[in-house]
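# pasting the sequence and the predicted model now:
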Amino acid sequence: MRSRRGVLAIGLEAALAALLLGAAAAGVWQLNRPLPGATALIVREIPEGAVVIDARGPLAYRQGHLPDARRLWARDLLSFGESAGALAQPSELERKVRSLGLEPGGQVVVYDDGDGEEAALVLLVLRSFGFDARLLQGGVTAWLEAGSELSDGPEPQAGRESGPLEFDRRLIVEPDEAHVHIAENEVAPLDVRDRAVYLAGHLEGAVNVPLAGLIQGGEPPRWSALNRVLGPARITEDTHPLVYGENAAQAAMAWLAMAAYGVEHIHVLPDPYPVLVAEGFEVSKADVPAASSTRTSSVCWR
Amino acid sequence: MVVLILSGLVVGLAFGYALQRGRFCSNTGFRDILLTADSTMFRAWALAVLVQLVGVTTLNSLGLLPVTVPPFWWAANLLGGLVFGVGMVLAGGCSSGTCYRVGEGLAGSLLALIAFGAGLLIMSRGALAPLERALQGSVLSAEGESLTLANLLGVNPWWVVVPVVLAGSWWLVRSGGSKYRSGGWSWQRSGAALGVIGIVAWLSSAATGRVYGLSMTGPLRVWFEGIFQGGLALDWGAFLIVGLFLGAFLSSLSHREMRWRVPKGERLMQSIGGGLLMGFGAQLAGGCTIGHSLTGLSVLSVASVVTTASIIGGAWATSWWMFVRPVRQMQLQSEPFVAGD
């Protein structure tokens, strides 16, 4: 017969084992639950009453689009000439967005082929004007896979133009403002270009978080993915990341991916890297060391 | 999130309990191979590493767990490991051994632990900080990623894990009996329990954003920084340390092994000196026998392999100097002189 002390030890060990099991289960659940940020930015179905925006080009639209989709081609939001790949002037952006005739406070769903390349830019611009815009997960590809059909009808005529819109300068920042923020250590610059390009030259102090790492794979975003992808950039709840890339579209993609992972306070510097260099930003070829590097399965918000 | 951070307390409780029941101390494990040709504690450590290696690699491969690999600062890892190895033999215990012995009421271990914390602060923020910065400045990496045995060879981690686990298991099964009598858990039970606790540590810690498993150096530094410099950040690691002491205390109390013991002056000074060296070494190498030799090895970190080898080298050299050499000298002196030799 066991002594009272032996029974006590067994009881203690059983309690510890149960607590440990609970800690493991809580860890697995937390690591693999969908991120709240994803649901705020990405939808699987079009909510009732939402205005649908097609971010693809006119040819793709004519070949088939979602029913009643209005059109705002991502490329129409870019400037051309010397700063090709940069975002157009805010006044030009406002003109384009107002022509859609969106109701203030109304919900908007943006889609493209499914890779998010065009939708991200449109989403960024609509959000910077204060609209509750969300990405349709998987775009046209997911729409067709779900058995739904495309429409080949004409583009619906928007009613009257929206009233004057206010441009959020905290989301999309000007190079001058970015300069100040970097100099005063208020932001964490993130270079989302490929690693080889980054090593050839990047903004002083910028950490490399290649876009490819943010969006590869086929799984929905999870907490573990946030740690994997953004861990090296040492992003915490208090960090204000400043994202830049090859061009505005790439920066917008990175913004969308990170926002979907739940990162807040992101600033987007939409000017292409060569333009930033010409603007007089300090550049460096040094590899800013990551705090750590990680490996896990890749994830995606598509 | 509060619940998840408190999970550090739960893991710490189990960790402290298992350390005390298994008398688990890397110093004993590494040192006894040389001193008494006994590998009992070493086998417990090896089993814990193998269990964790399989568990962490499986969870990571399934996409359920992200992992972090310590950076390979080759000079810092080499020198830090060596200094830590010397220190732990002087102190009579590694960082985890020292902590669980504090829970048992050993005053020498408490002083060694305080000296360990002082060593961490001196190396991270004090007079030796320039040395740390200089030695940790040169990082060897694989295209920006920390070096692992897998990415060093350019293969999937399983190509390394499977042979290591097979070879390790074969050795554990074939290795002889145990000379070590502790009155606690067997090496099999200690090793398996610590391996499982290590896996749970990875899961619950990563869930709070601290993507790493069991470690002592960082969490202890957080406490010492908080106490001496203010602004204590109570994260998962901080709760792990609290749980560790509590677990070891509960274990020793429930098994009537709790007893306040104060060593003699000279031994006390040796513990303090050893603790200080352990702090220097652990801070320089970015981890100790737990962070590197238990957790880092479970992600095949090259930094952890080098640090562990260095710790063993330092421990063996010091053990030889302190214990083997005096015995040899005494034997030589006591050998009778034979005329005509």
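Great, that's in hand.
# chain center to stretch A:66-76: distance?
Per CA atoms, centre = their mean, to the nearest Å, the displacement of stretch A:66-76 from the mean C-alpha position of its chain is 19 Å.
# now that stretch: buried residues?
Taking 16 or more other CB atoms under 10 Å in any protein chain shown as the basis for neighbour counts, the residues of stretch A:66-76 that come out buried are A:L66, A:A69, A:R70, A:R71, A:L72, A:W73, A:A74, A:D76. Backbone N, C-alpha and C define where each C-beta goes, glycine included.
# start to end distance for that stretch?
End-to-end distance for stretch A:66-76: 20 Å, by CA to CA, to the nearest Å.
# same check, this time on stretch B:129-147
The first and final residues of stretch B:129-147 sit 24 Å from each other (CA to CA).
# tell me which residues in it are buried?
Along stretch B:129-147, the positions that meet the burial threshold by neighbour count (16+ other CB under 10 Å) are B:E132, B:L135, B:Q136, B:V139, B:S141, B:A142, B:G144, B:E145, B:S146, B:L147.
# cross those residues against strands and list the overlap.
Of the positions in the buried residues of stretch B:129-147, B:S141, B:A142, B:E145, B:S146 sit in strands, assigned by DSSP state E.
# give me the lowest-pLDDT entry from those.
Note: of these, the lowest pLDDT belongs to B:E145, at 71.
# my guess is B:C94 contacts B:N27. True?
Yes: when contacts are counted by CB atoms under 8 Å, B:C94 is listed as touching B:N27 (4.7 Å).
# who has more neighbours out of those two?
When neighbours are counted by other CB atoms under 10 Å in any protein chain shown, B:C94 comes out ahead of the other of B:C94 and B:N27, with 31 against 28.
# give the contact list for that one.
With contacts defined as CB atoms under 8 Å, 6 or more residues apart in numbering or on different chains, B:C94 is in contact with B:C25, B:S26, B:N27, B:M88, B:M278, B:C288, B:T289, B:I290.
# so where is the stretch 101-250 of chain A shaky, pLDDT-wise?
Where the stretch 101-250 of chain A drops to pLDDT under 70, the residues are A:158-159, A:213, A:215-239.
# what of the stretch 151-300 of chain B?
Low-confidence segments of the stretch 151-300 of chain B, defined by pLDDT under 70: B:176-182.
# what about the closest residue to chain A within it, how many neighbours?
Among the residues of the stretch 151-300 of chain B, B:L203 lies nearest to chain A; the distance is 3.2 Å by CB to the nearest CB. By other CB under 10 Å, 25 other residues sit near B:L203.
# that one touches A:G22, doesn't it?
No: in terms of CB under 8 Å, B:L203 does not count as a neighbour of A:G22; the distance is 11.3 Å.
# before we move on, back to that, need the overlap of contacts for B:C94 and B:N27.
Counting by CB under 8 Å, 6+ apart, the residues touching both B:C94 and B:N27 are B:M88, B:T289.
# check the secondary structure at the residue in the stretch 51-200 of chain B that chain A sits nearest to for me.
Residue of the stretch 51-200 of chain B nearest chain A, by CB to the nearest CB: B:G63 (3.3 Å). Here B:G63 is recorded as coil under DSSP: H, G, I helix; E, B strand; the rest coil.
# can you give me the strands in the stretch 101-250 of chain A?
A:107-111, A:132-136, A:188-191, A:202-203, A:207-208, A:241-244 (DSSP state E, counting those that start in this stretch).
# which other helices and strands contact the first one?
The criterion is 3 or more CB pairs under 8 Å, 6 or more residues apart in numbering or on different chains; DSSP states H and E, and the helices and strands that strand A:107-111 contacts are strand A:51-54, helix A:119-128, strand A:132-136, helix A:139-145.
# gap between the first one and the chain center?
In other words, strand A:51-54. Using CA atoms, centre = their mean, the mean C-alpha position of strand A:51-54 is found 18 Å from that of the whole chain.
# what comes up buried for the next helix or strand after that strand?
For strand A:51-54, the succeeding helix or strand toward the C-terminus, using DSSP states H and E, is helix A:58-63. Residues of helix A:58-63 classed as buried by neighbour count (16+ other CB under 10 Å): A:A60, A:Y61.
# what distance separates helix A:58-63 from the middle of the whole chain?
Between the centre of helix A:58-63 and the centre of its chain there are 25 Å (CA atoms, centre = their mean).
# past that helix, which element shows up next along the chain?
Following helix A:58-63 toward the C-terminus (DSSP H and E): strand A:70-71.
# residues near B:V211, how many?
The tally of other residues near B:V211 (other CB under 10 Å) stands at 23.
# need phi/psi at it.
Main-chain dihedrals, B:V211, degrees, to the nearest 10: phi -80, psi 80.
# quick one: it from B:G63, how far?
Using CB to CB, to the nearest Å, one gets 14 Å for the distance from B:V211 to B:G63.
# cool, and A:A60?
33 Å.
# what do you get for B:P326?
According to CB to CB, B:P326 stands 55 Å off from B:G63.
# higher neighbour count, these two?
B:G63 (19 against 10).
# follow-up on the earlier one: out of the contacts of B:C94, which are close to chain A?
Intersecting those with the surroundings of chain A, defined as CB under 8 Å from any CB of the partner chain, gives nothing.
# and these as JSON lines, adding distance to B:R43?
Formatted as JSON lines, the contacts of B:C94 follow (distance: CB to CB, whole Å):
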{"residue": "B:C25", "distance to B:R43": "14"}
{"residue": "B:S26", "distance to B:R43": "12"}
{"residue": "B:N27", "distance to B:R43": "15"}
{"residue": "B:M88", "distance to B:R43": "19"}
{"residue": "B:M278", "distance to B:R43": "24"}
{"residue": "B:C288", "distance to B:R43": "20"}
{"residue": "B:T289", "distance to B:R43": "15"}
{"residue": "B:I290", "distance to B:R43": "17"}
